[in-house]
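compute the structure for the input listed below.
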Amino acid sequence: MTCRWPSWTGILAISAVNATLAGPAAYGQGAPSPDLPDSAFQAILACLALGHEIVMAPRLDCVPRNRGGAIAAKAHMPLGEREGSGDWDPVCRDANDSRRLPSNIIKRIAAQKEVTIAPSGIRIIGAVFCGGPRAAALDLVGLDLNYSLVIDRSVVNGFLDARNIRIRGDFSFENTVILQNLRLNRARVEGSVYANNSFMDELFVNDTQVNGTWWHKDSIVFSDASMVRANVSGDLNMSNSAFTRLWLQSSQIAGTLGLDDTEARCAYHLHANTVGYLAANRTGFGIVKTAASGDHPSLDYAWWNRAVSGSPKPDTQQMMESPAIRRIADAALAKIRNPKAASANDPRHANPRRVRGCEDTSASEYLEFYVFDTNVQAAFCLTSFVWMAPKNALPDSEHPISIVALNGTKISGNLIIDLWADESSEVGKLKKEDKNYRLVRAKHKFEAIGLSTAALISDFSDNARPYFIYVDGLKFERVHKAKPACTNVSGAKLATQVELPSTDDVLHWLDKNEAPSSQPFMAFVAAFEQAGTSATPLRVQQKTVDLCEKTARWFSFITWQCRGERLPSGSPVDSSPRGPPQTGAVAAVGEMFSGTAELVTIAYQWTLFLLADHGMRPAKVVWSVGIALLVFLGWFWFVLGIVGFEPKSEGNPLPGQLPTLWPVTLLFLFDRMIPAYKIRDEHYAITRVYRKATAAEIHAGPLEPGAPPYPIRYLGKTLLVWPAADGDVEKAEKWLVVLRIIGVVFTIFLLAAINALASG
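Reported below is the predicted structural model:
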């Protein structure tokens, strides 16, 4: 049977509080902790003993469970009236305001022995917790509760101190405003933590165990959300929340770490964690805002975008527009807009290169999404990432660089990645032909050093987007092309059928790589070959990158031509160590021989690349041979003018007998290029060479029997030729020697290519 308790307003005698302020804190705590009449305390105990909940707004009342939230919401708790000042100190000073409770109220309830609290636990809705200056507004330090603790739709007018607390149930502060920070250190919650639709200036969680799930959706942590060595047995769901920096380090999340639609003003720092499944769909940063001040007429700073705008208004925007939280935001903006005063109090603000507004948190020059040295046991979905929005249509030179980095992260399942949303802004639609492309590209960086995953899944549709990558030490067993569509609700879901990407897809993606390494090519090669597909183009490109990097140490001017390679401008020609330093003549001679040997090797490798793609395509040598033969055929016919020859013959020709003539053909040139075959002996016994007869010579005809011009047949046609000058035989032989040398080179590189292919 559910009983409805009457209002306790008429039986409570609230004593007045006369106190002198000792100096207000930044937000709240300008009033001392109020006293609570014993009659009110006993009424609270009696209500909790029945398993009901106390609602403090608009008046102290006892209602059935789950009824107090709606009552407190009608009383504008916890955001207050929109036309209000947002200052909760007057409530804490007002002895007649039934909402206020002292900071030790929970401890008093837990410590008393007269009344047994029902298993449903302590449930206080719509309260204003008040503490003294520099003291906790809600003091839970050292509490050991055998039941749940619920303080939903309340205001903590200061900080909430929950160090060394143990709760054998749930800990709920949904729809609660904590005007300063929440300190949950060395705590243990046997149930779940409920913090949805909450606000706090800072969150500090250290060495804490939660045996259930931590729900922290649609919330704001105005500054740092810091969780170090936290252990959550279920999910940590922070979807649709906003913070300046999310710092998660050395923690274990057995279920899902849900970051969908979250927004950080400055940074995500996820370091050395173990996570079951990591979902980050539409995760990212805010927007660049501009503020005018006396010293800085156009001061740019980082601010939220999606969290504070939209239609209908998201919960975070409604919180930001409330009076109390607007006061906090205004104070932060005033600090951002006055860099001179801020730098006088904190040297971190004096560095102009740091992102303005992030000096007190990430203190970095970049906007950072960092997942470092983290183990993901199932899958990691990083899809539709939201890059920092520019203050105008496109980023300018002052726009901060946004970095997505997954260094040292190990994923036992799939890495599903898509760095640009389909509904991208004008930034994402920028084409390479645009004059602003290179500047915008430099503002968006994806970094993966030492990243390993069982499978890499991407739709490779972002190759044309304005961003670059820095990838090295990449490891995966399989690679797939598909359109990602995964969230923390749907799981690792794909919108399209999985297929193997083309080598062009991969090459275009690796074209963006500015790391001086060819290792990523080999990672894709292994995945392609495991799928039973040829990866020759990738192997060729990998060797080209290595060769180009080696060559650039000697000839830096070719750096810009190296695909997938971007050495810094102005770097030394050869910055690699060459062994212990030496001096004197021995050192000079040694360096000369060493340099010569390396240059010869580089020349050989470039030749092998040009002739046979580093040995990966031996058939390419055949094409080179064919091209060389065609070139020499044209040289003999049209430059030297030699179109035929007369081989040596046994005996003397009879009077009036025509000589036996052979045309200069591709077969003749091939036989002289590679003499090992010796197709025809006549090709090696030239006594005279012949040129085309002129029109006059043809018109005059032979002066006597057996005199020129002589007919010669080639390609089904008859040509009339005339003996060339005696010196032309020697000239032809010299060019045939050149052709033979080229043939030897081709033979050597063909054998080298076959050997390289066999050994590869």
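
just the pLDDT for P618.
Listed pLDDT for P618 reads 70.

and it, how far from T747?
Relative to T747, P618 is positioned 12 Å away (criterion: C-beta to C-beta, to the nearest Å). For glycine as for every other residue, the C-beta is placed from the backbone atoms N, C-alpha and C.

looking at the two, which one has more neighbours?
Neighbour totals were compared for P618 and T747, and P618 leads with 20 against 15 (other C-beta atoms under 10 Å).

how close does that one sit to V540?
Counting by C-beta to C-beta, the gap from P618 to V540 is 12 Å.

residue ranges of each domain in the protein, please.
What automatic domain parsing lists as the domains of the chain is 1-191, 622-746.

which one of these is the most hemmed in?
For those, the largest average neighbour count (mean count of other C-beta atoms under 10 Å) is found in domain 1-191, namely a mean of 19.

reformat the domains of the chain as CSV; add mean pLDDT and distance to T551.
Output for the domains of the chain, formatted as CSV (pLDDT from 0 to 100; distance: least, C-beta to C-beta, whole Å):
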stretch, mean pLDDT, distance to T551
domain 1-191, 85, 56
domain 622-746, 87, 20
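
looking at the ones you listed, which is closest to S412?
Judged by C-beta to C-beta, the one of these that comes nearest to S412 is domain 1-191, at 27.8 Å.

residues touching A225, list them.
Counting by C-beta atoms under 8 Å, 6 or more residues apart in numbering, A225 touches 202-203, 238, 243, 245-247.

from those residues, pick the one nearest S649.
The nearest member of these to S649, counting by C-beta to C-beta, is L246 at 92.8 Å.

give me the element that closest one is part of.
If you go by DSSP states H and E, L246 is part of strand 242-249.

same question for the helix or strand that that strand is followed by, mean pLDDT?
Once the chain leaves strand 242-249, the next helix or strand it forms, by DSSP H and E, is strand 252-258. Mean per-residue pLDDT for strand 252-258: 97.

given strand 252-258, what are its sheet partners and their directions?
When pairing is defined by DSSP bridges, strand 252-258 lines up against strand 220-232 (parallel), strand 236-237 (parallel), strand 274-281 (parallel).

now the angle from that strand to strand 242-249?
Interaxial angle of strand 252-258 relative to strand 242-249 (axes from the mean of the first three to the mean of the last three C-alpha atoms, to 10 degrees): 150 degrees.

only C-alpha atoms, please: export strand 252-258 in CSV.
What follows is strand 252-258, C-alpha atoms only, in CSV (Å, rounded to 0.1, in the frame of the first residue of the first chain):
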residue,chain,number,x,y,z
GLN,A,252,39.1,-0.3,-16.8
ILE,A,253,35.7,-0.2,-18.4
ALA,A,254,34.5,-3.7,-18.8
GLY,A,255,31.5,-2.8,-21.0
THR,A,256,31.1,0.1,-23.4
LEU,A,257,32.8,3.5,-23.2
GLY,A,258,30.1,5.5,-25.0
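
offset the numbering so it begins at 36, please.
Renumbered: residue one is now 36, and that last one reads strand 287-293.

mind putting the domains of the chain in TSV, distance to I371 included?
Formatted as TSV, those follow (distance: least, C-beta to C-beta, whole Å):
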stretch	distance to I371
domain 36-226	15
domain 657-781	64
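
right, and those domains - which one's nearest D497?
domain 657-781 (35.4 Å).

ends of that closest one, what's the gap?
9 Å (C-alpha to C-alpha, to the nearest Å).

count the neighbours of the residue nearest to V541 when sequence neighbours are not counted for me.
Leaving aside its sequence neighbours, V541 sits nearest to F559 (C-beta to C-beta, 6 or more residues apart in numbering; 5.1 Å). For F559, the neighbour count with other C-beta under 10 Å is 25.

what of the one 3 residues further on?
Residues contacting A562 under the criterion other C-beta under 10 Å number 23.

excluding its backbone neighbours, what's nearest it?
V514 (4.3 Å).

quick check: the one you found is in a strand.
Yes. Looking at V514 with DSSP: H, G, I helix; E, B strand; the rest coil, it is inside a strand.

spit out the contact partners of it.
490-492, 535-536, 541, 559, 562-563, 566.
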